[in-house]
Each structure stands twice: as C-alpha cells, then as structure tokens.
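[1] Give me the fold of what follows.
(one chain, ligands or ions: 1)
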Amino acid sequence: MQLLKNRLIRYLDAGFPILYVNTFEEEKMDRLLRSLHYKEEMYEWNESQGYIDFYTGTPIVEDCSFEMMLDLNKSVDLLDGKMLVLKDVTPYLEDARIAAKIKGLARQIHAGADAAILIVSESIVIPRKLEKYITILEMDYLSVEEIAEVIEEFIASSGIPPVSRDFLDEMAMAFKGLTEFEICNLIALAYASSGKLARKDLKLIFEQKQQMIRKAGILEMVDVKETIEDIGGLDNLKEWLIRKARVFKNMNKARRFGVDVPKGVLVAGMPGCGKSLSAKVASGLFEVPLLRLDMGRIMGKYVGESECNLRKAIALAEAISPCILWIDELEKAFAGVGGDGGGAEVMTRLFGNFLTWMQEKTSATFVVATANNITKLPPELLRKGRFDELFYVGLPDEKERAGIFDIHIRKRRPADLKNIDIGKLVNLTKGYSGADIEGVVKDAVETVFTDEKDFVTTNDIVRAIENTHSLSELMKDSVENMQKEYKERKFKNASK
Ligand code: ADP
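    This next block holds a predicted model:
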C-alpha cells in the first residue's frame with residue numbers, strides 16, 4: 001500500500017494527467033486517497049451517486065451524468081485546483097465522444113491546469129485516443145505483515161476470539177496473493193462454518209485461494225499428482241531439477257553460502273515428450289505450488305492491457321511465492337517480437353518487460369518455460385543469464401522407451417507387467433514420443449477390456465502399435481530440423 005501511495009504522489013507531482021488504478025478494492029483506495037490529502041477540492045463521479053464531494057459524499061450537482069460532469073470541468077478555470085476521482089466509468093470510455101472529452105481535460109492538465117484525474121476500476125479499458133495520457137498503476141499485493149494486520153483487525157472487529165501468534169503468521173502466509181476483501185471474506189466463511197478459527201481452516205483457505213486465482217483469470221493453480229518416478233528417461237533434466245530443488249528448498253542457507261537464487265529453466269523440444277510433465281514434477285520436487293500462465297489470456301484487446309496483465313500475473317506469482325511459474329508454449333507468447341505492426345509492438349514491449357523481470361528477479365519464483373518450437377523465439381531469450389539452463393527433449397531412445405512403457409503399464413495393469421515383453425515393444429516403437437507410447441498402452445488396455453478378456457498381453461499392445469502412427473512419422477522433416485537447431489543453439493540434451 002505504501003508503495004502505491006508513494007508512486008501515486010510521484011506521478012501526481014510530475015503532472016501526469018490521468019492515473020488509472022486497477023483494483024477491486026475501492027474502499028482501500030478511498031482510504032489511501034483520504035490519507036493523501038492531495039487537493040482540497042476532491043470530487044468523485046460514480047454511477048450510483050453521480051457527481052459528489054469525495055470527502056463528504058454530498059452532491060455537487062443533482063442527477064449529473066458522467067458526460068455532464070466532464071462538461072462542467074471543461075475549461076482551465078473550471079478544472080484548476082481539482083482532483084477528479086472517476087469510478088464505474090469503463091463502459092463510457094469506449095464511447096468516442098466521451099473519450100474525446102476526457103482527452104480535452106487531459107490536455108488542459110498537460111497545458112498547466114493544476115488538476116488530476118484518477119480512474120479507479122477493476123478492469124482496464126483504455127481507448128487509443130487516451131493512451132498517451134493515461135498511466136496505469138497497480139494496487140500492490142499485501143505483504144505477509146500487512147496480511148497479519150488485516151487478519152488481526154478483522155478478528156477484533158467481528159468478535160472472533162483471538163488466535164495465537166504462530167497461527168496468525170501461518171494464516172498470513174496462506175493468504176498471500178489475495179486482496180484484503182477476499183481475506184476478510186474467507187475468515188468470515190471459515191468462522192461461520194465451524195464457530196472458531198482453527199488450523200483445519202487452512203485447507204479451506206487454500207481451496208478458496210485456488211478458486212480466486214482461477215477467477216482472476218490469468219494464472220491457473222495446477223493440481224500436481226505426478227512425481228519424478230512418472231518421467232521415463234530425461235535423466236539429465238531430472239538430475240538438474242533435483243539439484244535445483246535442493247538449493248530452492250534451502251534458499252536462505254544457499255544464498256548465505258554464495259549460491260545464486262535459481263531463476264528458471266527452458267525446456268524445449270518434441271511435443272508429447274514430457275515437457276509439461278517436467279514442469280509438474282518440478283513443482284513436486286520443489287514442494288511449492290505450480291502456477292500456469294496462459295499467454296493467450298494475457299493478450300488483451302486494449303492498449304496497455306497485455307502489459308498490465310503480464311505485470312499482474314508476475315505480481316501475483318511473486319505474492320504467492322515460493323512457487324513455480326510455468327509458462328506454457330512460450331513460443332506462442334513471444335512469436336512476432338521485433339516485427340512490424342501494432343500487435344508486434346505490444347509483443348516486443350511485453351517481451352522486454354519479461355526479460356527485465358527474469359534478469360532482476362530476486363523472489364522465490366522459479367520459472368519453467370516450455371516450448372515446442374524455438375525457431376520462433378527471440379534470441380535474447382536464449383542468451384545465458386535469462387534462464388539457468390536450456391534443455392531440449394528429443395524422442396526417447398530405446399532405454400527411455402522401455403522406461404516409459406513400464407510407467408504406463410504399471411499405472412494401469414501392474415499385475416500384467418511381468419508377462420509383457422517390453423523389449424519387443426521397444427523395438428517396434430522407434431520414433432514414438434512418450435505421449436504416443438502412453439496412447440498405445442491406453443488403447444490396448446481399453447480394447448482388452450471391451451473384448452472382455454482378463455489381462456493385457458504383449459500382443460495386445462503390438463496390435464495397438466500397428467494401429468497408430470508415431471509422431472516422427474507424421475512430422476519427419478521438422479524432427480530433423482529441430483534437432484539441428486538445438487545443437488546449434490547449445491541446448492543441453494535432457495536425456496543422458
Ligand atoms: P509435452 O512435451 O508436449 O509437454 P507432455 O509432458 O504433456 O508433453 O506429455 C504428454 C503425456 O505423455 C504425459 O502426460 C505423459 O503421460 C506422457 N509422456 C510424455 N513423455 C513422457 C515420459 N518421458 N515419461 C512418461 N510419460 C511421458
């Protein structure tokens with residue numbers, strides 16, 4: 001909160017005409033603005049009350065529409081000395097006439113009117129016309145100490161019996177990444193459901209937190225059941241992850257010893273060969289939650305929205321840290337960087353933001369980026385110092401295929417395993433990916449079941465193999481090209 005306050009003061013002093021605070025927490029914002037005492041004349045417009053005095057809530061003009069309010073402030077004389085706080089206005093911003101009027105006000109401020117406009121909104125809508133005049137500010141996520149204060153205050157004010165310091169700290173940790181409003185709601189919910197606040201409520205907090213992250217829509221908290229035993233082959237990558245996990249889990253000690261904080265890893269290569277699986281397994285090894293960033297959802301339709309979403313996602317991940325931030329299909333995110341056109345420009349800016357963050361990051365947010373195709377990735381990303389290591393996963397060799405067959409047969413038909421000739425299956429599946437092998441086993445098991453037989457034999461699986469086309473058959477050329485590409489770019493082989 002203090003951070004936002006300082007930034008707000010800095011921007012206001014520097015005469016930025018329109019500040020756009022992106023937050024769900026209007027009340028908190030109001031408190032902050034009150035404590036700011038920036039201008040004597042502070043007015044607000046919102047949909048339900050119209051044009052009011054910000055401090056007292058008394059109407060300035062009865063039944064004043066948003067457009068009327070803008071007209072009432074349209075000259076330097078009228079605007080001078082005022083701060084206008086605008087709420088519920090995003091639907092109006094898309095109206096070209098209204099946007100033009102707001103632009104008129106912004107130009108007055110630019111030209112020297114001593115005034116400021118502050119838009120408070122939970123969503124971001126910035127028409128092109130106003131892009132130059134608007135600066136987006138993010139409400140900071142609460143620190144653990146601030147969360148503890150929020151909990152203490154809420155408990156005291158709602159008559160909930162006080163809790164021990166230890167439990168309070170534990171709860172504060174569990175609430176990381178949530179807003180004040182969400183925190184108070186969850187405490188009330190936990191208290192209402194059992195009549196007290198106890199350790200078992202942490203589970204409820206965790207579940208609700210998952211939902212809230214889901215609702216925020218940019219990060220997905222992935223449920224991880226996979227363990228390192230679920231990956232066949234990829235021994236180099238597995239060993240590397242185990243080592244990094246050791247550092248990550250003893251971060252303070254490691255840092256004191258002089259070890260660098262692990263930043264992240266890029267795992268690229270063949271589809272269906274265990275890249276996503278590695279991200280999941282890393283989360284288990286590091287013993288931290290896995291947050292998946294969906295780049296498709298980051299891209300917004302308004303100017304500045306994409307950058308803001310990425311910033312938000314990063315801030316949320318940092319707030320939840322220690323965690324693993326999994327960026328799936330990285331090439332989709334940063335394809336087109338450096339190209340022409342508006343879309344490419346946004347991409348290039350986004351990419352710049354991401355690189356800077358990767359470079360400067362000190363939080364315990366470990367990035368696992370996965371990519372199917374690196375030829376489209378900007379070279380800066382592959383330079384040393386961004387990621388701790390670059391790995392490529394190729395098609396599994398014989399030994400690896402044996403491991404993968406073993407894993408997938410064991411998962412479904414452990415009792416049949418001893419009668420299955422895995423060597424024979426391995427010989428028949430050159431060029432198959434891990435996902436292909438899993439598919440073959442799945443098909444065989446299903447066929448045996450529908451044929452009402454009692455167990456799965458080698459021949460059942462052979463028949464399933466005969467009925468499928470492997471990945472490398474389907475994309476022979478690109479398999480070879482990709483392998484060359486990785487060697488040239490000095491990616492480490494994930495397999496031994
Ligand atoms: P991608 O490389 O495209 O991210 P995934 O990791 O999602 O591929 O693999 C898809 C599925 O194929 C996995 O969920 C897993 O069941 C199976 N699979 C792929 N590679 C392996 C492997 N090396 N060991 C075991 N299973 C694998």
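
[2] Pull the number of nearby residues for the closest residue to the ligand within the chain.
    Ranked by Cβ to the nearest ligand atom, the top residue of the chain for proximity to the ligand is Gly434, at 2.1 Å. For every residue, glycine as well, the C-beta is placed using N, CA and C. Neighbourhood size, Gly434 [other Cβ atoms under 10 Å]: 29.

[3] what's the answer for the one 5 residues further on, then?
    Using other Cβ under 10 Å, Gly439 is surrounded by 18 other residues.

[4] re the thing from before, who touches the residue of the chain closest to the ligand in this structure?
    Applying Cβ atoms under 8 Å, 6 or more residues apart in numbering, one finds that Gly434 lies in contact with Gly232, Gly233, Gly272, Cys273, Gly274, Leu277, Pro396, Ile404.

[5] can you put the residues you listed in CSV and add neighbour count?
    Formatted as CSV, the contacts of Gly434 follow (neighbours: other Cβ atoms under 10 Å):
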residue, neighbour count
Gly232, 22
Gly233, 25
Gly272, 20
Cys273, 28
Gly274, 29
Leu277, 21
Pro396, 28
Ile404, 30
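
[6] In helices only, show me the residues you listed.
    Leu277, Ile404 (DSSP state H).

[7] among the contacts of Gly434, which are within reach of the ligand?
    The subset of these within reach of the ligand, by Cβ under 6 Å from any ligand atom, is Gly232, Gly233, Gly272, Cys273, Gly274, Leu277, Ile404.

[8] which ones are touching the second one?
    Put plainly, it is Gly233. Taking Cβ under 8 Å, 6+ apart as the test, what Gly233 contacts is Gly274, Pro396, Asp397, Lys399, Glu400, Arg401, Gly403, Ile404, Gly434, Ser495.

[9] Let's have the ones next to the ligand among the contacts of Gly434 in TSV, adding distance to Val440 and pLDDT.
    As requested, the ones next to the ligand among the contacts of Gly434 are exported to TSV (distance: Cβ to Cβ, whole Å; pLDDT from 0 to 100):
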residue	distance to Val440	pLDDT
Gly232	14	96
Gly233	16	95
Gly272	12	93
Cys273	15	94
Gly274	16	96
Leu277	17	97
Ile404	10	98
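
[10] Pick the one among those closest to Val222.
    Of all the ones next to the ligand among the contacts of Gly434, Val222 sits closest to Leu277, with 11.7 Å by Cβ to Cβ.

[11] Tell me which residues touch that closest one, please.
    With Cβ under 8 Å, 6+ apart, Leu277 has these contacts: Glu226, Asp230, Ile231, Gly434.

[12] Likewise for Ser65?
    Counted by Cβ under 8 Å, 6+ apart, Ser65 has contacts Gly50.

[13] so of the contacts of Gly233, which ones are in strands?
    Nothing among the contacts of Gly233 maps onto strands, per DSSP state E.

[14] Widest-spaced pair of the residues you listed?
    Going by Cβ to Cβ, the pair spanning the contacts of Gly233 furthest: Gly274 and Lys399, at 14.5 Å.

[15] Flag the shaky bits of the chain, pLDDT-wise.
    For the chain, the stretches with pLDDT under 70 are 1-3, 140, 212, 215-216, 301-304, 335-344, 471-474, 476.

[16] where does it come near the ligand, residue by residue?
    231-234, 271-277, 370, 404, 407, 434-435, 438.

[17] hmm, try it at 5 Å
    Contact residues, the chain versus the ligand (Cβ under 5 Å from any ligand atom): 231-232, 271-277, 404, 434-435, 438.

[18] and these as CSV, adding distance to Ala14?
    Formatted as CSV, the residues of the chain next to the ligand follow (distance: Cβ to Cβ, whole Å):
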residue, distance to Ala14
Ile231, 52
Gly232, 58
Pro271, 49
Gly272, 52
Cys273, 51
Gly274, 50
Lys275, 45
Ser276, 45
Leu277, 49
Ile404, 59
Gly434, 55
Ala435, 54
Glu438, 57
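
[19] Name the nearest of those residues relative to Glu389.
    Glu389 lies nearest to Lys275 out of the residues of the chain next to the ligand, by Cβ to Cβ, at 13.9 Å.

[20] Backbone dihedrals for Met221, please?
    Phi and psi for Met221, reported as degrees, to the nearest 10, are phi -90, psi 110.

[21] number of nearby residues for the closest residue to Arg97 other than its chain neighbours?
    Sequence neighbours aside, Glu67 is the residue nearest to Arg97 in space, at 7.7 Å (criterion: Cβ to Cβ, 6 or more residues apart in numbering). Residues lying near Glu67 (other Cβ under 10 Å) number 13.

[22] same question, Gly352
    Other residues lying near Gly352 total 13 when counted by other Cβ under 10 Å.

[23] And the helix or strand containing it, what does it pack against?
    In this assignment (DSSP states H and E), Gly352 forms part of helix 341-360. When contacts are defined as 3 or more Cβ pairs under 8 Å, 6 or more residues apart in numbering; DSSP states H and E, helix 341-360 sits against helix 305-320, helix 330-334, helix 379-382.

[24] between that helix and helix 305-320, how big is the angle?
    With axes from the mean of the first three to the mean of the last three Cα atoms, to 10 degrees defining the directions, helix 341-360 sits at 20 degrees from helix 305-320.

[25] Check which helices and strands the helix or strand that helix 341-360 is followed by is in contact with.
    Per DSSP H and E, the first helix or strand lying C-terminal to helix 341-360 is strand 365-371. Packing partners of strand 365-371 (3+ Cβ pairs under 8 Å, 6+ apart): strand 264-269, helix 275-286, helix 305-320, strand 323-327, helix 330-334.

[26] Contacts only, for the nearest residue to Asn309 once chain neighbours are set aside.
    Nearest non-adjacent residue to Asn309, counting by Cβ to Cβ, 6+ apart: Ile298, 4.6 Å away. By Cβ under 8 Å, 6+ apart, the contact list for Ile298 reads Ile218, Ser306, Asn309, Leu310, Ala313, Ala333, Leu350.
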